[in-house]
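>>> Please work out how this folds:
(one chain, ligands or ions: 1)
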Amino acid sequence: MFETSWPHKIVCGENAIRYLEGYSAKRAAIVISGSFRKNNAEVWATLDGIMKKNGTAFREIEGPGREPTLTYCKEAAKDMIDFQPDLILAVGGGSTLDAAKVMEIYYEHPDITDEQIKARFALPKIRAKARHIAVPTTSGTGSEVSPFNVVYMDSGNAAMPQVKVGIADYQTIPDVVLLDPSFTFSAPPAVTASTGMDAFVHAIESYTSAKPANFFTDLHALEAMKLTLKWLPVTYKEPRNAEARSNMQIAATMAGLSIASRGTGLAHGVGQQLGPLFGVPHGLSVSIVLEAVMRFNAPLALKRYAEVARYVGLGGDSDEKSLENLMTKIIALSEELKFPKKLGDLDIDKNFYLSKMSVLVQNALENGGTKFNPRVPNAAEVEGIFMSLV
Ligand SMILES: [Fe+2]
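Coordinates of the predicted model:
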């Protein structure tokens, strides 16, 4: 037996935003990334027009601009509590979408404690006050279909002052997801590349996860990888190519559906540690360690990697050859996207990096992705992955 949990509706393609026309809501809280709002006057005008035509009063709540903290979500939710929306409309990248989902929990339960909100899959009932619609402006995080929401909290540890907390509950999955390519046109090439590779890493890590596979996860992951390899380079070079943007939105959402059931792996376990201390964007951080992680996993995940290679059309007359073909393709894509490879390319001081190694390794070992990696590493092996960047 297996189960999956998805939004009620996913609307894809050009003008998907028009789904909102005639949508019945009295008051909408629009959680929106400030930079997106500033750079997308035309898209905003469309949304503004739809809201006014519908007779929906709305209040904008500015997104966090980076990975949200629990404190930010709690504070921003006060605006919702004041405005009492019956629709929460989140417009932004993964951080904004995650923040809107966590804000909703505080909107529904203003007195919820840190312990209660952190309890995995044990939230009190939500979605009683408002429906929730997500409109992603980047393609990669999968937040629009994910029950996992990333926030940061103060750790009390000076070596790594903030720690990531996953607020997890299937109830937080949006009711409706609108994948309108025009909402991703303004994403800069570096953001397009980083978030797009995040989708690829979600797909390959969920495809090889130690959690049980099923038809839905396998097909979503495989197709997400095929689409990403084909369309990510196009979106990188042609930001206003609607067909390419739309296919990357679908790839990211399918990869998100796959990780919602099977989780990620060691590239996330290691890569995510590079964000809080060194400011490496999430998608980039998990991509730059992917090659080392795949080499580490290969003894136990060879067959699955070979299946990926064949599905995406890279062939190979043995599993080993298929894996090499896949690695070559991933490395070529990273070069095409002008990804940095080493610490020096990322402007990270080597001595500072080495001084943080024990906390990096410890946090990576405790990460949920690491625990479900197809080959569970020890501390020395995790350190080896971190050292691949030196
Ligand atoms: Fe990710």
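
>>> list the contacts for residue 260?
4-5, 142, 145-148, 173 (CB atoms under 8 Å, 6 or more residues apart in numbering). Yep, even glycine has a C-beta here, placed from its N, CA and C like the rest.

>>> any chance of these in JSON lines, with secondary structure and neighbour count too?
Shown next, in JSON lines, are those (DSSP: H, G, I helix; E, B strand; the rest coil; neighbours: other CB atoms under 10 Å):
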{"residue": "4", "secondary structure": "coil", "neighbour count": "14"}
{"residue": "5", "secondary structure": "coil", "neighbour count": "13"}
{"residue": "142", "secondary structure": "coil", "neighbour count": "28"}
{"residue": "145", "secondary structure": "helix", "neighbour count": "26"}
{"residue": "146", "secondary structure": "coil", "neighbour count": "27"}
{"residue": "147", "secondary structure": "coil", "neighbour count": "19"}
{"residue": "148", "secondary structure": "strand", "neighbour count": "22"}
{"residue": "173", "secondary structure": "coil", "neighbour count": "23"}
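
>>> residues of stretch 278-297 that come out buried?
Neighbour counts over stretch 278-297 (16 or more other CB atoms under 10 Å) mark 278, 280-294, 296-297 as buried.

>>> Oh, that last question was meant for stretch 311-318, not what I typed.
311-312, 314.

>>> Output that stretch as PDB, nothing but the C-alphas.
What follows is stretch 311-318, C-alpha atoms only, in PDB (Å, rounded to 0.1, in the frame of the first residue of the first chain):
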ATOM      1  CA  TYR A 311      15.100   7.000 -19.500                       C
ATOM      2  CA  VAL A 312      16.500  10.400 -20.500                       C
ATOM      3  CA  GLY A 313      18.000   8.900 -23.600                       C
ATOM      4  CA  LEU A 314      21.700   8.600 -22.700                       C
ATOM      5  CA  GLY A 315      21.900   4.800 -23.300                       C
ATOM      6  CA  GLY A 316      24.900   2.800 -22.200                       C
ATOM      7  CA  ASP A 317      25.600  -0.900 -22.900                       C
ATOM      8  CA  SER A 318      26.200  -1.600 -19.200                       C
END
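
>>> quick one: contacts of it?
222, 225-226, 229, 306, 309-310, 322-326, 329.

>>> give me that answer again for 10 Å
Contact with stretch 311-318 is made by 207, 218-219, 221-223, 225-230, 302, 306, 308-310, 321-329, as judged by CB atoms under 10 Å, 6 or more residues apart in numbering.

>>> Check stretch 108-128 too.
Contacts of stretch 108-128 (CB under 10 Å, 6+ apart): 70, 73-74, 77-78, 80-81, 88, 101-102, 104-107, 129-130, 132, 147-149, 151, 153, 165-175, 368.

>>> how about 7 Å then?
70, 81, 104-106, 129, 165, 167-171 (CB atoms under 7 Å, 6 or more residues apart in numbering).

>>> Now do the contacts for the residue nearest to residue 189 when sequence neighbours are not counted.
Computed as CB to CB, 6 or more residues apart in numbering, the closest residue to residue 189 that is not its neighbour in sequence is residue 236, at 5.4 Å. Residue 236 is in contact with 189, 192-193, 337, counting by CB under 7 Å, 6+ apart.

>>> gap between residue 236 and residue 230?
12 Å (CB to CB, to the nearest Å).

>>> about what we covered before: top of the contacts of stretch 108-128 by neighbour count?
residue 104 (27 neighbours; other CB atoms under 10 Å).

>>> so that one is in which element?
For residue 104, the host element (DSSP states H and E) is helix 94-108.

>>> buried residues in the next helix or strand after that helix?
Using DSSP H and E, the next helix or strand after helix 94-108 towards the C-terminus is helix 114-118. Along helix 114-118, these residues count as buried under the neighbour rule (16+ other CB under 10 Å): 117-118.

>>> again, but for stretch 372-390
Under the neighbour-count criterion of 16+ other CB under 10 Å, stretch 372-390 has 372-375, 377, 382-386, 388-389 buried.

>>> Throw the residues you listed into JSON lines and include pLDDT, thanks.
Listed next are the buried residues of stretch 372-390 as JSON lines, based on pLDDT from 0 to 100:
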{"residue": "372", "pLDDT": "95"}
{"residue": "373", "pLDDT": "98"}
{"residue": "374", "pLDDT": "97"}
{"residue": "375", "pLDDT": "97"}
{"residue": "377", "pLDDT": "98"}
{"residue": "382", "pLDDT": "98"}
{"residue": "383", "pLDDT": "98"}
{"residue": "384", "pLDDT": "98"}
{"residue": "385", "pLDDT": "98"}
{"residue": "386", "pLDDT": "98"}
{"residue": "388", "pLDDT": "97"}
{"residue": "389", "pLDDT": "97"}
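
>>> so what are the domain limits for this structure?
9-183, 187-387 (automatic domain parsing).

>>> chain center to the first one, what's the gap?
Between the mean C-alpha point of domain 9-183 and the mean C-alpha point of its chain there is a distance of 14 Å (CA atoms, centre = their mean, to the nearest Å).

>>> Is residue 341 in a helix, a strand, or coil?
coil (DSSP: H, G, I helix; E, B strand; the rest coil).

>>> so what's it scoring on pLDDT?
Looking at residue 341, its pLDDT is 93.
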